[in-house]
Every structure is written in C-alpha cells, then in structure tokens.
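Q: here is the input, now give the coordinates:
(one chain, ligands or ions: 1)
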Amino acid sequence: MTGDLSRHDLLSQGRAVLDWIAEYLEHPERYPVLSDMKPGEVRDSLPSMPPDRAEPLEEILEDFREKILPGITHWNHPSFFAYFATSSSVPGILAEMLSATLDVKAMLWRTSPAATELEQLVTDWLRQMLGLGDGWFGMTTDTASMSSMLALAAAREARPELAIRERGMAGRTDLPRLRVYASEHAHSSIDKAALALGLGLDNVVHIAADDEFRMRPDALGAAIAADRQRGYLPMACVATVGTTSTSSIDPVPAIAEICRGESVWLHVDGAYGGVLAIVPENRYLLDGVDAGADSLVVNPHKWLFTPFDCSVLYVRRPEILKRAFSLVPEYLVTREQDSVVNYMDYGVQLGRRFRALKLWMVIRAFGVEGLIERLREHRSIAQALAGWIEGAPDWELAAPVPFSLVCFRYAPRGLSAAEQDRRNEQIMHEVNASGGMFISHTKLSGRFTLRLSIGNIRTEEGHVAAAWNRLQAAAKSAAVTRPAE
Ligand code: PLP
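A: Numbering: from 1, shown residues only. Below you'll find the predicted structure:
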C-alpha cells in the first residue's frame with residue numbers, strides 16, 4: 001500500500017494522543033522532572049534496525065509511553081527550574097499541530113503568503129507589546145543563537161568597504177581584525193556566532209562587569225580605544241538584558257552612546273529577559289534600544305509560553321541583513337520579489353518553519369493582559385523566594401533578582417568557601433535526584449551558585465515553596481551535615 005495513513009488512523013490515534021496530552025499537562029508531576037536514565041539506556045531499549053514493515057500506530061505510541069518518556073526531562077513540569085524555565089501552552093501546542101499539518105516552508109512570499117504576512121504582523125504585535133517604536137523589521141528564527149549570528153553578520157555587512165560578502169576573510173592581508181565586544185557574562189552564543197562567521201574567538205572581547213554582573217561602559221570604552229590604537233576595527237557590541245548566569249541587565253543607554261560615537265553596531269540580547277518589557281512597569285528594561293540599538297533578539301520560546309522554537313530578531317536596517325544573505329537562484333525568482341518580503345533573503349535557511357502561527361495563537365489566546373499577568377506572577381514568586389532565602393540564617397542571595405531567576409547559595413558561617421561550594425553542589429544533586437524538582441548552577445566570582453528559574457506557565461508559588469523546603473532539607477540531610485566545628 002502507498003500513500004498516507006487513513007483518516008480513521010488519524011482520528012482514532014489522534015484522539016488518543018490528544019487525551020494523552022491533556023492528561024500530561026494536567027498531571028506532569030507523575031513524571032520525575034529530570035530523567036534518571038543512564039547514557040545509552042534509551043537507545044538500547046529500541047531496535048537498532050529500522051522496521052521493514054509498517055507498524056501499527058498503537059504500538060508506536062505504546063513505545064513512546066514505555067520507552068521514550070522515561071528518557072524525557074520534563075521541561076513542561078512546573079518544578080523544572082533549571083537553566084531558564086520555559087513551557088509550551090495549549091494554544092501553542094494546537095498551533096504546532098496545524099503547522100505540521102500544513103507543512104509550510106515560509107521562504108518566499110508565494111510559498112505561503114499567509115506565513116510571511118503573519119510573521120510580519122505578529123513580530124510587529126510583539127514590537128508594540130515591548131513598547132518599541134516603529135521602524136523595526138521583525139523575523140522569526142529557531143533560536144537566539146541564530147538570531148545573534150544573523151545580527152553579527154549584518155554588523156559585518158554594515159561595512160561594505162570590506163567586501164566580505166564577495167571576497168570572504170581568509171587569506172586577506174588588507175583586512176583589519178574585526179572585533180566584537182560583549183560582557184564577561186554574555187551568552188556563549190555570541191562566541192559561537194564569532195566562530196561561525198570566521199571572526200575568531202580571540203576577537204570577542206569580554207568586557208568586565210561590575211559587582212552586580214553588568215557590563216562596565218568605562219571598560220567597554222577603554223577596550224575600543226585600545227583596539228583602535230592597535231589598528232583593529234571595532235565592529236559590534238552585544239549588550240544583554242537578562243544574562244544567563246544571573247539575569248543582570250547591561251546598561252544599554254550608556255553602551256548605546258559609546259557605540260554611536262564609535263560607529264559600532266549594537267546588538268541587544270534579550271533572549272530571556274527582553275519579553276518582560278511587555279509588563280508596563282518593566283518597560284525600562286529596553287530603555288536605549290529604540291534610540292541606540294541596531295538589532296535586538298527576544299525569545300518567545302523562553303518566557304512567553306510559545307513552544308520551542310521561536311526566537312524573534314529585530315533589525316533597524318533590514319536592507320543590510322538582506323545584503324548579507326540574499327542570493328536568489330533562477331529557480332527561486334518570482335515576479336513579485338521586489339514588492340514583497342521573501343524571508344529567505346534575511347538568513348541562512350531557505351525553508352523556514354511557520355512559527356508565526358503559534359506566536360499569533362498564543363498572543364490571541366491569552367491576550368496581552370493575560371501574558372502580562374502571568375509574567376508578573378512569575379516575578380512575584382521569584383521575589384517571594386528571594387525573601388525566604390534572605391530570611392534564612394544559613395542561606396544567601398548571590399545576585400539581584402530583577403526577573404524570575406534567583407541565584408543563591410547555602411552559606412553557613414564557619415565553612416570555607418571551598419566547603420560551601422561542595423555542599424551546594426551536593427544539595428543540587430540531591431534535590432535533582434529526588435525527581436520532584438530540577439535546578440541548575442553557575443559560578444559567580446568563582447563560587448558555586450544555585451540557580452532557580454521560574455518561567456513555566458503551570459508553576460505556582462506552592463511548587464516553589466516545595467522546592468525551597470526540599471533545598472533546606474537537603475542542606476540538613478546526613479549527606480551534607482556540618483563537620484564538627
Ligand atoms: N542569550 C541568552 C541571554 C540566553 O540566556 C540564552 C539561552 O539561555 C541564549 C542567548 C541562547 O538561546 P537559544 O537556545 O534560543 O539559542
């Protein structure tokens with residue numbers, strides 16, 4: 001038999017899948033947050049050869065439940081607090097089903113006018129929600145890593161005299177070293193973008209931060225001046241609104257002023273924190289972006305309840321991004337190409353997912369007010385946790401809490417820094433092994449620091465209170481008892 005499975009298969013198994021999704025979203029706590037599988041265990045439980053014959057969907061779904069699920073770390077669990085906690089949501093999940101059904105490649109306007117126009121519309125909705133002015137061109141990408149790489153490619157193309165699009169960089173003695181500046185707390189995706197673009201890791205200059213982990217504008221100015229003296233070309237600077245380790249906020253207005261004076265492209269990485277600017281009292285987070293940034297990334301797939309993947313890149317001068325990437329072979333020429341946006345012109349990918357649909361459905365189904373309320377709630381739960389930590393004698397906050405990420409550590413007096421580090425690591429492993437919660441860590445000024453991030457749409461204060469109890473119990477448990485003092 002050829003062709004697709006039948007309508008009967010779709011409806012009967014589709015209903016079973018929907019039932020499973022509904023049950024899962026209602027009771028994710030039935031699963032340990034962090035998978036306890038050993039490396040290789042999932043793979044070993046499955047046939048190593050593909051099936052010659054068709055298998056019934058029932059059996060495949062049975063294996064999904066029995067063999068795949070145990071190897072899942074449940075990002076949609078309300079007690080997933082690691083990295084940056086994220087989640088999908090019902091409208092996003094439904095949109096993904098529709099998007100998979102349509103299987104659109106949003107590359108040329110004509111390959112689905114609605115996909116292109118909805119992407120233009122919904123990125124503009126988000127721009128308005130963020131309180132940004134007109135004049136930004138928005139596009140979706142898979143990740144902030146990709147968005148930032150495209151932004152840095154545009155920053156390079158903003159120097160057409162270098163002719164890098166045509167001549168590349170390798171083997172050229174006429175090119176100065178192109179420099180990118182980012183805080184020592186910037187995300188590694190900036191370094192990776194430099195790798196991918198052939199700029200070289202050595203040309204990413206990590207600027208010192210102050211004692212609240214924010215890039216120091218004076219250090220940025222000094223680094224640029226030193227580079228100019230050496231004959232290097234300051235190309236781009238990345239300011240972060242919500243850094244990964246601590247969610248610190250680089251001073252964008254001051255950085256923008258330096259960049260403007262030096263003709264340096266300013267990219268703002270608001271992958272996690274940028275979306276909080278939809279909350280009126282947090283609009284200040286994007287101060288300086290309208291007036292001084294050339295590009296901005298925010299990730300609805302991080303803290304706007306949109307299923308992965310959905311990053312949004314904004315650029316002020318889309319013609320530069322287009323100049324960096326547009327390449328139209330004969331088979332992709334269209335009559336209307338000069339009057340429409342063909343999103344393939346603005347990045348590496350040809351085929352692009354129809355991501356706008358899920359962001360559109362998420363924004364409509366919750367409404368801007370509903371989204372604002374949910375972010376406020378997360379922020380206030382984070383404040384509550386910060387208060388409990390501050391009030392607990394043997395614990396300390398390790399960084400300010402401007403978003404919904406709390407950095408802290410168990411810090412009983414009388415223990416050396418090294419011993420405290422060891423205890424905190426033990427606490428983290430113990431609570432994560434419980435299956436009831438999942439947190440991660442970072443190092444701040446060389447010290448092991450616990451990170452608890454709140455961003456899942458189903459997380460309530462009770463989940464965080466339970467996590468706090470578990471952390472305190474782990475600190476007291478036999479494995480972490482204090483040595484005789
Ligand atoms: N930028 C910041 C500040 C981040 O925290 C992260 C990930 O946590 C990224 C960029 C990379 O995000 P993505 O996974 O979308 O590439």
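
Q: spell out which parts of the stretch 251-400 of the chain neighbour the ligand.
A: Contact residues, the stretch 251-400 of the chain versus the ligand (Cβ under 6 Å from any ligand atom): 269, 271-272, 299, 311. Bear in mind the C-beta positions are built from the backbone N, C-alpha and C, glycine included.

Q: all strands for the stretch 201-350 of the chain, in order.
A: 204-207, 233-240, 265-270, 295-298, 311-315 (DSSP state E, counting those that start in this stretch).

Q: can I get the first one as PDB, trimmed to CA atoms?
A: Backbone C-alpha positions of strand 204-207 (Å, rounded to 0.1, in the frame of the first residue of the first chain) are rendered in PDB as follows:
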ATOM      1  CA  VAL A 204      35.400  38.500  21.000                       C
ATOM      2  CA  VAL A 205      36.400  40.900  23.700                       C
ATOM      3  CA  HIS A 206      34.900  40.000  27.100                       C
ATOM      4  CA  ILE A 207      34.300  43.300  28.900                       C
END
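
Q: just checking, what packs against it?
A: Under the contact criterion of 3 or more Cβ pairs under 8 Å, 6 or more residues apart in numbering; DSSP states H and E, strand 204-207 touches strand 178-183, helix 188-196, helix 217-230.

Q: other residues contacting that strand?
A: Strand 204-207 is contacted by residues 179-184, 186, 190-191, 194, 215-216, 219-220, 223, 227 when judged by Cβ atoms under 8 Å, 6 or more residues apart in numbering.

Q: tabulate the strands of the stretch 201-350 of the chain in TSV, adding columns for distance to Phe408, mean pLDDT and mean neighbour count.
A: Shown next, in TSV, are these (distance: least, Cβ to Cβ, whole Å; pLDDT from 0 to 100; neighbours: other Cβ atoms under 10 Å):
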stretch	distance to Phe408	mean pLDDT	mean neighbour count
strand 204-207	25	98	21
strand 233-240	21	98	27
strand 265-270	24	98	28
strand 295-298	26	98	30
strand 311-315	29	98	27
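
Q: between the helices and strands packed on strand 204-207, which one is nearest to Asp63?
A: Taking Cβ to Cβ, helix 188-196 is the member of the helices and strands packed on strand 204-207 nearest to Asp63, at 34.6 Å.

Q: any part of the closest one near the ligand?
A: Yes: using Cβ under 6 Å from any ligand atom, helix 188-196 reaches the ligand at Ser189.

Q: pick the most buried one from the helices and strands packed on strand 204-207.
A: strand 178-183 (a mean of 26; mean count of other Cβ atoms under 10 Å).

Q: now the strands of the stretch 201-350 of the chain in TSV, with distance to Ala384?
A: Converted to TSV, the strands of the stretch 201-350 of the chain look like this (distance: least, Cβ to Cβ, whole Å):
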stretch	distance to Ala384
strand 204-207	33
strand 233-240	26
strand 265-270	24
strand 295-298	26
strand 311-315	30
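
Q: list just the nearest of the residues of the stretch 251-400 of the chain next to the ligand to the ligand.
A: Minimum distance to the ligand across those is 3.5 Å, recorded for Ala271 (Cβ to the nearest ligand atom).

Q: which residues does that closest one contact?
A: 144, 147, 187, 242, 297-299, 302, 311.

Q: any idea how far Leu201 is from Gln229?
A: Between Leu201 and Gln229 the computed distance is 22 Å (Cβ to Cβ, to the nearest Å).

Q: please apply the same query to Glu55.
A: In terms of Cβ to Cβ, Glu55 sits 67 Å off from Gln229.

Q: check Leu444 too.
A: Taken as Cβ to Cβ, the span from Leu444 to Gln229 is 32 Å.

Q: also Asn203?
A: In terms of Cβ to Cβ, Asn203 sits 16 Å off from Gln229.

Q: ditto for Ile60
A: Distance from Ile60 to Gln229, counting by Cβ to Cβ: 64 Å.

Q: also Thr334?
A: Look at Thr334 and Gln229: by Cβ to Cβ, they are 49 Å apart.

Q: do Phe81 as well
A: From Phe81 across to Gln229, the span is 46 Å (Cβ to Cβ).

Q: surely Ile381 meets Ser404?
A: Yes: using Cβ atoms under 8 Å, Ile381 is in contact with Ser404, at 7.1 Å.

Q: now Gly71. Nearest residue, chain neighbours left out?
A: Nearest in space to Gly71, with sequence neighbours left out and distances taken as Cβ to Cβ, 6 or more residues apart in numbering, is Val42 at 3.8 Å.

Q: just checking, that neighbour is part of a strand?
A: No: going by DSSP: H, G, I helix; E, B strand; the rest coil, the assignment for Val42 is helix, not a strand.

Q: so for the helix or strand Arg409 falls within, mean pLDDT?
A: Using DSSP states H and E, Arg409 falls within strand 405-410. For strand 405-410, mean pLDDT rounds to 98.

Q: for it, which strands pair with it and how are they oriented?
A: Its sheet considered, strand 405-410 pairs with strand 395-397 (antiparallel), strand 447-453 (antiparallel) by DSSP bridges.

Q: so where's the chain shaky on pLDDT?
A: 478-485 (pLDDT under 70).

Q: biggest helix in it by residues?
A: Scanning the chain for the helix with the most residues, using DSSP state H, yields helix 356-391.

Q: residues of that one that come out buried?
A: Residues of helix 356-391 classed as buried by neighbour count (16 or more other Cβ atoms under 10 Å): 356-363, 365-366, 371-372, 374-379, 381-382, 384-386, 388-389.

Q: appreciated, that's everything.
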